[in-house]
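A.B. asks: Following is a predicted model, sequence given first.
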Amino acid sequence: MSFTKEEKLGIAKGLAWVAAVFAIIVSVIMIFNYIQLLRVDPLETPALQTLVDQLKNDPSNEAIKEDIRALDLMIRKAYFTSQWQLRTGGIMLVLSVVVIVVALRFIRTSANNPEELEKIEKNPSLDKEKARKWVVYAGAGFFVLALLSGLLSSNALKKYGQPGNVVAADSANSNVVVATFASDANTTGEVIADSSSLVNTAPGVDASQATEVGATTVATVGSSTVSNTAVATPTTADLRRNFPYFRGPEGSGVAYKNSVPTSFNVGSGQKVVWKAAIPLRGFNSPIVWGNKVFLTGANETDRAVYCYDASTGKLLWEAKATGIQGSPTTAIQVTEDTGLAAPTAATNGNAVFAIFANGDVIALDMEGKRLWAKNIGRPDNYYGHSSSLILYKNNLIIQYDTNRGSKVMALSVTDGTTRWETVRNVKIAWSSPIIVNTGSRDELLLTADPYLISYNPETGKEYWYIECLSGEVGPSAGYDNGIVYTANEYASLSAIKIGTTPEILWQQTEYLPEASSPLAHNGLVIVATSYGVVACYDGQTGDKYWEMETDDSIYGSPVFAGDNVYLMTNQGKLYVFKLAKQYQQVAVSDLGENSICTPTFIEGKMFLRGYDNLFCIGI
C-alpha cells in the first residue's frame, strides 16, 4: 500500500500535532507529580503513625505488626511505581519531541515545488519561524521544566532509601522504635531493615534486641517480642559432623566426610541398611543431625515433616503443617517435577525448619513438637517454590524470588519473627542460598537473573553484586578458595573472583545445568546438564578436562564426600567418580526408582531419597 505525497504530508502533520499534545500532557503530569511529592511525605502517613502509636502501647501484638508490614509494603510499591513513572515519562517526553522535530523536518523537505512550499508557508501552524518558536519556547519550556521536575522528584524519593528516615523515635518515653526504609530501584537491592542503624537512631536500644517486621524495623526493650530463650549456635565442627542443609554444611556441595559408601545393590540388599516408605511425596533431599533424618512431603491437602531413625529407618514422628494463620485456602499450582514440597529443610540440632510451596514455614523441636509456624505469603511461581532453607546463627534465611517481587529474609529461629528483610532487584528464581567464609567474613550468596549477590547473613546488608546470569535460574552457586561459580542453562558458567570489587575470571557456554548446582572443590568444577552430560573444568582457567555422557536426565546436584563425587540421575542411577582431571568412574548403582534429589552423608552412611522411599546405604 502506497501513499500519495499529500497523504504523507497529512500523516506527518497529524503526528506532529499528536506528539505535541502528548508531550504537553506528559510534562504536566511530571510537574504535578513533583508538586504532589513536595506536599506529601510518603513516610509520614497518618495510618502508619497510628499503627506505630498502637505498637508502642502493645509491642507484642502480632496483628499490628502484620498491619505495619502490609502498609510498609504498599509504601515500597508506591515508591517503585513512582520511580518507574519518572523514568518512563522522561523517555516518552524525549521521544515525543523527537517525533515533532522529525515530522516538521519531513514536511519542509517534502515541499519540493513552489505551490506546495507556498501552501505550507501560508499555513500559520507550519510557518517556519512560528514552528521554530513554538518548539523552542513552548515545547522546550515544558520539556525542560518537566525533566527538571522528574529529576527533583527522583532525588526526593532517593532520600527515603537512606538509613535514618525514622517514622517515630522516642527512646526517652517509649521502648519502641520504628524506622522505614525504601529501596532504590536503580540498585541491585538495599537492606530494608538493619538493626545496626538503630544504634545511632535510638540511644540505649541494643541492636541485638531488634527484630524487623517486613521492611520495618521494630526494636523492643524488655518486651515479649524478643525471646529470652538462648539458642546455642552450632559450631563449624558441629555443622560439618552432620548434614544440616541442602548440599551440606555450607550448602556448597562439600560433605566433609571421610568414610562413606560408594556402591550398593537394592535388588540383593547389598549395603542397603534399610529402606523406609515416605507417606507423602516431595522432591527435597534428606538432612541429618545426630541419629535423626528429616525430610518433608506434601499433596494438595496435606503438608508434613518426617523424622526417621538413622540407624533403623523407623519413622520416629510426623508433624503436620496445618492450622497456620494466613495459609492459602486455594490449591497451589505447580509443575509435576517441582511439586508442593521441593525445598530441603534445615536444622541446627535444636530444631528443624521447613517451608512448603504455599509459603507456610514451620519450626519443630527435635521431638516433633511445633515451636512456631507462619505464612510468609503465597509464592507467585509458575513452577512452584523450590528454594531451600539455610541457617546462620539464630537466623533462618529464606530466598524468596517470585513474580510479585524478590527478597531475602531472616526469621528468628526462636519465634519466627522477621529479623531482617532485603528487597532484591532480580527476576524470579528457584535457586537456594549458600554461606561461605572468605577468610575475613561470612557471606550469604544468592543467584538469580541477572546477578550473583553477596549479603551479610547477620543483617541482610548487601556487600556486592555482579551481573553474570540470565534466564530461569535454578542452580545455586558453588564456591572454592575465593572463587564463586554460577551457571544456568542458556546463560553461562562463570567464575567470579570475589572481593571489594568482584571480577569475572572466565566464562564458558558449552555445558550448562538447568537445575543441578555446580560443585567446586580442590581447584576443579563439576557441572551436570539436564540432558545427562557431566563435565569437569579447571577452576582457575575454565579449561575443560573431560566430559562424560549418561543415558539419563539430571536435576540433582553433585556432592563431594570421601574422595569422590556423588551424582544421582533422575532415573535413579547413582554415579560415583573421582574428583580428578581425568574421568575415573568408581561405581554406578541403581536405586530402583526415580529420584531428583541430592545424596546426603554422615560418617559411614549415605541417605538417598527416591520418589516413594528413603534409603540408607552403609559401608
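C.D. replies: Ah, there it is. Numbers count the residues shown, from 1 in each chain.
A.B. asks: Tell me how far the closest residue to residue 403 other than its chain neighbours lies from residue 333.
C.D. replies: Computed as C-beta to C-beta, 6 or more residues apart in numbering, the closest residue to residue 403 that is not its neighbour in sequence is residue 380, at 4.1 Å. All C-beta spots, glycine's among them, are computed from the backbone N, C-alpha and C. According to C-beta to C-beta, to the nearest Å, residue 380 and residue 333 sit 10 Å apart.
A.B. asks: Settle this for me: residue 306 is touching residue 292, isn't it.
C.D. replies: No: with contact defined as C-beta atoms under 8 Å, residue 306 does not reach residue 292; the gap is 10.3 Å.
A.B. asks: Strands along the stretch 201-350 of the chain, start to end?
C.D. replies: For the stretch 201-350 of the chain, the strands defined by DSSP state E, counting those that start in this stretch occupy 210-213, 216-220, 272-277, 287-289, 292-298, 303-309, 315-320, 346-347.
A.B. asks: Equivalent analysis for the stretch 501-619 of the chain, please.
C.D. replies: For the stretch 501-619 of the chain, the strands defined by DSSP E, counting those that start in this stretch cover 503-508, 519-521, 524-528, 533-538, 544-549, 559-561, 564-568, 573-578, 585-590, 600-602, 605-609, 613-618.
A.B. asks: Run through who's touching the fifth one.
C.D. replies: This points to strand 544-549. If you take C-beta atoms under 8 Å, 6 or more residues apart in numbering as the criterion, strand 544-549 is touched by 508, 510-511, 524, 532-538, 577, 581-583, 585.
A.B. asks: Derive a PyMOL selection command for the buried subset of these.
C.D. replies: To isolate the buried subset of these in PyMOL, counting by 16 or more other C-beta atoms under 10 Å, use the following:
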select buried, resi 508+511+524+532+533+534+535+536+537+577
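A.B. asks: Please work out the average pLDDT along stretch 253-263.
C.D. replies: Average pLDDT, stretch 253-263: 96.
A.B. asks: In that stretch, which residues are buried?
C.D. replies: For stretch 253-263, by 16+ other C-beta under 10 Å, it's 253, 254, 255, 256, 257, 260, 261, 262.
A.B. asks: What of stretch 479-498?
C.D. replies: The neighbour-count criterion (16+ other C-beta under 10 Å) identifies 479-480, 483-489, 491-496, 498 as the buried residues of stretch 479-498.
A.B. asks: now stretch 375-392
C.D. replies: Residues of stretch 375-392 classed as buried: 375-379, 381, 383-392 (neighbour count, 16+ other C-beta under 10 Å).
A.B. asks: Distance from that stretch to the middle of the chain?
C.D. replies: 9 Å (C-alpha atoms, centre = their mean, to the nearest Å).
A.B. asks: show me what contacts the spatially most central residue of the chain?
C.D. replies: The centroid of the chain falls nearest to residue 401 when counting by C-alpha atoms, centre = their mean (3.7 Å). Contact analysis of residue 401 by C-beta under 8 Å, 6+ apart lists 387, 407, 424, 426, 427, 428, 429, 431, 448.
A.B. asks: What of residue 615?
C.D. replies: Counting by C-beta under 8 Å, 6+ apart, residue 615 makes contact with 264, 266, 272, 274, 275, 591, 607, 608, 609.
A.B. asks: check contacts around the residue lying closest to residue 393 once chain neighbours are set aside.
C.D. replies: Nearest residue to residue 393, sequence neighbours excluded (C-beta to C-beta, 6+ apart): residue 233, at 4.9 Å. Residues near residue 233 by C-beta under 8 Å, 6+ apart: 348, 393, 394.
A.B. asks: quick one: residue 233 from residue 416, how far?
C.D. replies: Counting by C-beta to C-beta, the gap from residue 233 to residue 416 is 17 Å.
A.B. asks: before we move on, what about residue 24?
C.D. replies: 53 Å.
A.B. asks: Look at these two and report which has more neighbours.
C.D. replies: Taking neighbours as other C-beta atoms under 10 Å, residue 24 and residue 416 compare with residue 416 leading, 20 against 17.
A.B. asks: what's near enough to touch the residue nearest to the more buried one when sequence neighbours are not counted?
C.D. replies: Nearest residue to residue 416, sequence neighbours excluded (C-beta to C-beta, 6+ apart): residue 372, at 4.1 Å. By C-beta under 8 Å, 6+ apart, the contact list for residue 372 reads 362, 363, 415, 416.
A.B. asks: For stretch 400-415, measure first residue to last.
C.D. replies: 20 Å (C-alpha to C-alpha, to the nearest Å).
A.B. asks: In this structure residue 484 contacts residue 452, no?
C.D. replies: Yes: here residue 484 lies in contact with residue 452, judged by C-beta under 8 Å, at a distance of 6.2 Å.
A.B. asks: list the residues that contact both of those two?
C.D. replies: Here residue 484 and residue 452 have 445, 477, 496, 502 as joint contacts, going by C-beta under 8 Å, 6+ apart.
A.B. asks: What segments of the chain are helices?
C.D. replies: 5-39, 46-57, 62-110, 114-122, 128-133, 140-158, 198-201, 236-241 (DSSP state H).
A.B. asks: Can you point out the buried residues in the last one?
C.D. replies: What it means is helix 236-241. Quick answer for helix 236-241 (16+ other C-beta under 10 Å): 239, 240, 241.
A.B. asks: how close does the first one get to residue 288?
C.D. replies: Relative to residue 288, residue 239 is positioned 11 Å away (criterion: C-beta to C-beta).
A.B. asks: now the second one
C.D. replies: Going from residue 240 to residue 288 by C-beta to C-beta gives 12 Å.
A.B. asks: before we move on, what about the last one?
C.D. replies: Between residue 241 and residue 288 the computed distance is 10 Å (C-beta to C-beta).
A.B. asks: can you list residues touching both of those two?
C.D. replies: residue 602.
A.B. asks: What mean pLDDT does stretch 99-108 get?
C.D. replies: Stretch 99-108 shows a mean pLDDT of 74.
A.B. asks: List the buried residues of it.
C.D. replies: 99, 100, 103, 104, 106, 107.
A.B. asks: Pipe those residues into CSV and attach distance to residue 68 per row.
C.D. replies: Shown next, in CSV, are these (distance: C-beta to C-beta, whole Å):
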residue, distance to residue 68
99, 46
100, 48
103, 52
104, 54
106, 56
107, 58
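A.B. asks: and which of those residues is nearest to residue 18?
C.D. replies: residue 99 (8.2 Å; C-beta to C-beta).
A.B. asks: Identify the residue spatially nearest to that closest one, adjacent ones excluded.
C.D. replies: Residue 99 sits nearest to residue 19 (C-beta to C-beta, 6+ apart), 3.9 Å away.
A.B. asks: That neighbour contacts residue 103, correct?
C.D. replies: Yes: at 6.9 Å, residue 19 and residue 103 qualify as touching, with contact defined as C-beta under 8 Å.
A.B. asks: Only C-alpha atoms, please: export stretch 363-374 in PDB.
C.D. replies: What follows is stretch 363-374, C-alpha atoms only, in PDB (Å, rounded to 0.1, in the frame of the first residue of the first chain):
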ATOM      1  CA  ALA A 363       9.600 -24.900  63.200                       C
ATOM      2  CA  LEU A 364       9.700 -28.100  65.300                       C
ATOM      3  CA  ASP A 365      11.800 -29.200  68.100                       C
ATOM      4  CA  MET A 366      13.800 -32.400  67.700                       C
ATOM      5  CA  GLU A 367      10.900 -34.500  69.000                       C
ATOM      6  CA  GLY A 368       8.400 -33.100  66.600                       C
ATOM      7  CA  LYS A 369       6.700 -30.500  68.800                       C
ATOM      8  CA  ARG A 370       5.700 -27.300  67.000                       C
ATOM      9  CA  LEU A 371       7.600 -24.300  68.200                       C
ATOM     10  CA  TRP A 372       6.100 -21.800  65.800                       C
ATOM     11  CA  ALA A 373       4.600 -21.500  62.300                       C
ATOM     12  CA  LYS A 374       3.700 -18.700  59.900                       C
END
